[in-house]
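In: Predicted model and sequence below, questions to follow.
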Amino acid sequence: MKLLKRLFRFIFKILIWLVICSIGLVFLFKWVAVPVTPLMIIRNVEKTDVNDKGWEHKWVSIEAISTNLQKAVICSEDQFFLKHNGFDFKAIEKAYENNKKGKRLKGASTISQQTAKNVFLWPNRSWLRKGLETYFTFLIELIWTKERIMEVYLNSIEMGPGIYGAEAAAQYWFKKSASNLSKYEAAAIASVLPSPLRYKANPATTYIESRKSWIVKQMGYFGVLKYSKSKEKQK
């Protein structure tokens, strides 16, 4: 019994330290640029990024990323990003219903969830990873602002073969900085996010062209991008 108690105490202490470290890491990345993500390392080891230069990643501030790209990813990936608290329960319910019918799951993960997964976790699906994704999503929504979540997301997400972040993507696909992306260029990059190793932003296929047009139309409906309300809510 004594040995069992010691084991439980040891496990409990490890869990407490893991929680403390995870919270500390989230606080750190509230201000510090994320230098590397697990996916970058995994892709490089597996050599699935098919980029002779290895991975390309250059962190830039949110001010150096065109609002066109910010709006494009919101319209493409998570149109309720500024309104929810990290989880789109209607999308989750719809995905669950589709799964029961044997249809393909899509559209359930918010930008906050994708950010949590990209920065802190591994890409393979499992109940453990999904649980940790929920935990980290809760933390970043609690500790970061929506603008910071978007900044980290656009600097960390995979946007091409070995291409991570908005600046690297803008240079790779259109030979320009992320601050100068037009609506259609931003929409083209957003179009490849579901499968950045499969699709090309430029030259675009017929499918990507149709996706671009749809995203640009949604951007028009979206209007002016404002983070102020989400900031005030979290103060």
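Out: Now that the structure is in, tell me what you want to look at. Owing to the predicted nature of the structure, the values given are computational and were not obtained by experimental measurement.
In: got a list of what the residue lying closest to residue 118 once chain neighbours are set aside touches?
Out: Computed as Cβ to Cβ, 6 or more residues apart in numbering, the closest residue to residue 118 that is not its neighbour in sequence is residue 156, at 4.9 Å. No exception for glycine: its C-beta is placed from N, CA and C like everyone else's. With contact set as Cβ atoms under 8 Å, 6 or more residues apart in numbering, residue 156 has these partners: 34, 37, 115, 118, 119, 164, 165.
In: Show me the strands in this structure, by range?
Out: Secondary structure of the chain (DSSP state E): strands at 56-57, 158-160, 163-164.
In: export stretch 23-39 as CSV, just CAs?
Out: What follows is stretch 23-39, C-alpha atoms only, in CSV (Å, rounded to 0.1, in the frame of the first residue of the first chain):
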residue,chain,number,x,y,z
ILE,A,23,0.5,27.6,-18.2
GLY,A,24,4.0,29.2,-18.0
LEU,A,25,4.6,28.3,-21.7
VAL,A,26,1.3,29.9,-22.7
PHE,A,27,2.1,33.0,-20.7
LEU,A,28,5.6,33.1,-22.4
PHE,A,29,4.1,32.9,-25.9
LYS,A,30,1.7,35.7,-25.1
TRP,A,31,4.7,38.0,-25.7
VAL,A,32,7.5,35.9,-27.2
ALA,A,33,7.6,34.8,-30.8
VAL,A,34,7.1,31.0,-31.3
PRO,A,35,10.5,29.9,-32.7
VAL,A,36,9.5,26.4,-33.9
THR,A,37,6.5,24.1,-33.8
PRO,A,38,6.3,20.3,-33.4
LEU,A,39,4.9,20.0,-36.9
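In: Now do the buried residues in it.
Out: For stretch 23-39, a neighbour-count test (16 or more other Cβ atoms under 10 Å) marks 25, 26, 29, 34, 37, 39 as buried.
In: Mean confidence (pLDDT) on that stretch, please.
Out: Average pLDDT, stretch 23-39: 95.
In: Stretch 164-177 too?
Out: Rounded mean pLDDT across stretch 164-177 is 96.
In: where along this protein do the helices fall?
Out: 2-28, 38-46, 67-77, 89-100, 111-120, 127-143, 146-156, 166-174, 183-191, 206-222, 228-234 (DSSP state H).
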